[in-house]
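This is a predicted model, with the sequence first.
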Amino acid sequence: SINRENPMLVIHTGNVIQGGSGSMGVGPGDIARQFRKFLEQKKRLAPILHVIAGTRDIYDGSLDLFRRYAGDKLYYSFNYGTVHFIILNIMDGDSQMDPEQIKWLTDDLARHRSDGAIFVFTHHPVLAPPYSGMRCLDAGRLHELFVNHSVTAVFSGSARRLYDFTKDGIRYITAGCGGYNLEDRDWGAVQYYIVRYDGAALSIRPARVNVTAGACTIR
């Protein structure tokens, strides 16, 4: 379905596997098997895929196996044409970003503030509408940085549903996904979103596909 959309790139906002710990009876082999399955699926995807680490990608309190199999750093940036993309490592709302990542982000934004647009991607939302109750501990400091460096939009995952609002000219989009089988509490949710940017206007369109999981078929 995504291949038919023919996107320039795909960004997965985290939780490609179901992690755990040895104390839960989950072994490294279980994690490796899930990552290998993900890598097999990744080969079927035509566009470039960037993967952000999510809370479920953690094993025994570490993202070492994620880094080994996913092959992506925890935070980095890249350009596609004149558009600058930033991947941040924000796992939850209760932990502060480490000073090294903050310094890297500040320097990176300063170098690219004149680019055509700047899009930031995270796992946990930096900011979401107040009624959602979702924001990270560093939200105030990060929002100020984004405003000062003309960030266009900030995307995140983690949530089950879509939240989309604008603050001080920055669009915050929590592109929540769910609905892979009838046991999901939000089984009617979408599975991915198509984002279009023409240099001025930014649009986001949800997409649903038929998914078969076990004996359940979603249409």
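Perfect, I can see it now.

secondary structure class for Ser158?
Three-state call for Ser158 (DSSP: H, G, I helix; E, B strand; the rest coil): coil.

Pretty sure it sits against His123.
Yes: contact criterion C-beta atoms under 8 Å: Ser158 and His123 qualify, at 5.6 Å. In this view, the C-beta of every residue, glycine as well, is placed from N, C-alpha and C.

Between those two, which contacts overlap?
13-15, 54-55 (C-beta atoms under 8 Å, 6 or more residues apart in numbering).

ok, which stretches of the chain are helices?
Per DSSP state H, the chain carries helices over the ranges 2-5, 28-42, 64-70, 99-112, 139-148.

do you know which of those lies nearest Val209?
With distances scored as C-beta to C-beta, the stretch of those nearest to Val209 is helix 2-5 (8.7 Å).

re the thing from before, quick check: which of the helices of the chain is nearest to Gln191?
helix 2-5 (9.2 Å).

can I get the CA coordinates of the closest one in PDB?
Output in PDB follows, covering the C-alpha atoms of helix 2-5 (Å, rounded to 0.1, in the frame of the first residue of the first chain):
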ATOM      1  CA  ILE A   2       2.800   2.400   0.900                       C
ATOM      2  CA  ASN A   3       4.700   1.500  -2.200                       C
ATOM      3  CA  ARG A   4       1.700   2.500  -4.400                       C
ATOM      4  CA  GLU A   5       1.700   5.900  -2.700                       C
END
